[in-house]
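**Student:** what's the 3D shape of this:
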Amino acid sequence: MSADRTWAEFTYHPPTAATAAALGASFVAAVALASVRLSLALVSITGGLLLALGMYRGSHRIVTAGAGVMFGGLCLLVGTSGVVVPALVAAGGTVVAYDAGRYGVRLGEHVGEDGKATRAVVYHVGQTVGLTAVGGAVGASIYYVSPTEQPEFAIVVLLVAVVLLVSGLVLSGSEAWSE
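**Tutor:** Numbers count the residues shown, from 1 in each chain. The predicted model follows:
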């Protein structure tokens with residue numbers, strides 16, 4: 001009794017929509033940083049390329065390292081006075097790029113090259129963009145309504161926005177922070 005079985009080889013491949021979302025968000029962060037200082041945009045572009053390499057290789061660590069480099073460029077920007085909106089846009093782009101990159105790697109590991117995951121990616125990235133936009137709007141509102149417009153206060157506002165984003169992702173049931 002022999003069964004003739006054909007084995008299909010699994011090929012890792014992140015969904016195109018996730019890759020496009022991650023690279024698009026990296027581009028948004030780089031443009032926001034370039035509006036203030038070109039050298040910071042180069043840091044963000046380097047992080048975006050590292051993130052793209054992580055997606056290509058299927059490595060969560062490389063994706064995280066790329067987002068970390070992008071965040072480093074953002075931290076260098078925050079000390080500059082009067083650049084709250086570009087800082088929040090760059091922070092939003094960095095968070096969306098990181099989340100889309102990690103989600104794309106995870107989907108690529110599970111569904112591979114033949115999987116259709118566009119709808120799942122659009123839904124997931126849409127949630128992240130919405131939560132990031134709300135966090136950024138709250139952060140900008142707090143900054144502009146506050147009695148002081150100091151760069152140090154922008155760091156506090158950015159941290160509050162990140163806490164709101166993370167708590168929103170956790171409450172929405174997102175798996176962006178697992179693994």
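**Student:** element containing residue 13?
**Tutor:** Under the criterion of DSSP states H and E, residue 13 resides outside all helices and strands.
**Student:** could you pull out the strands in this protein for me?
**Tutor:** Counting by DSSP state E, no segments of the chain form strands.
**Student:** show me the helices in it, by range?
**Tutor:** Taking DSSP state H as the test, the helices found in the chain are 16-34, 38-57, 60-78, 84-111, 118-145, 151-171.
**Student:** can you state the direction angle for the second one and helix 16-34?
**Tutor:** Going back to what we said before, that points to helix 38-57. Orientation check (axes from the mean of the first three to the mean of the last three Cα atoms, to 10 degrees): helix 38-57 against helix 16-34 gives 170 degrees.
**Student:** give me the below-cutoff pLDDT ranges for the chain.
**Tutor:** 1-9, 79-82, 113-114, 148-179 (pLDDT under 70).
**Student:** what's around residue 10, how many residues?
**Tutor:** Here the number of neighbours of residue 10 (other Cβ atoms under 10 Å) works out to 12. From N, CA and C alone the C-beta is placed, and that goes for glycine too.
**Student:** I'd say it and residue 110 touch.
**Tutor:** No - taking Cβ atoms under 8 Å as the definition, residue 10 is not a contact partner of residue 110, at 9.9 Å.
**Student:** who's in contact with stretch 38-53?
**Tutor:** 19, 22-23, 26-27, 29-31, 33-34, 62-63, 65-74, 76-77, 90, 94, 97-98, 101 (Cβ atoms under 8 Å, 6 or more residues apart in numbering).
**Student:** could you do stretch 65-84 as well?
**Tutor:** Contacts of stretch 65-84 (Cβ under 8 Å, 6+ apart): 26, 29, 33, 36-37, 40-41, 43-44, 46-54, 86-87, 90-91, 93-94, 97-98, 101, 140, 143-144, 149-151, 154-155, 157-158.
**Student:** now, of the residues you listed, which are buried?
**Tutor:** Using 16 or more other Cβ atoms under 10 Å as the burial test, the contacts of stretch 65-84 include 26, 29, 33, 36-37, 40-41, 43-44, 46-48, 50-52, 54, 86-87, 90-91, 93-94, 97-98, 101, 140, 143, 154, 157-158 as buried.
**Student:** how many other residues sit next to residue 126?
**Tutor:** Neighbours of residue 126 under the rule other Cβ under 10 Å: 11.
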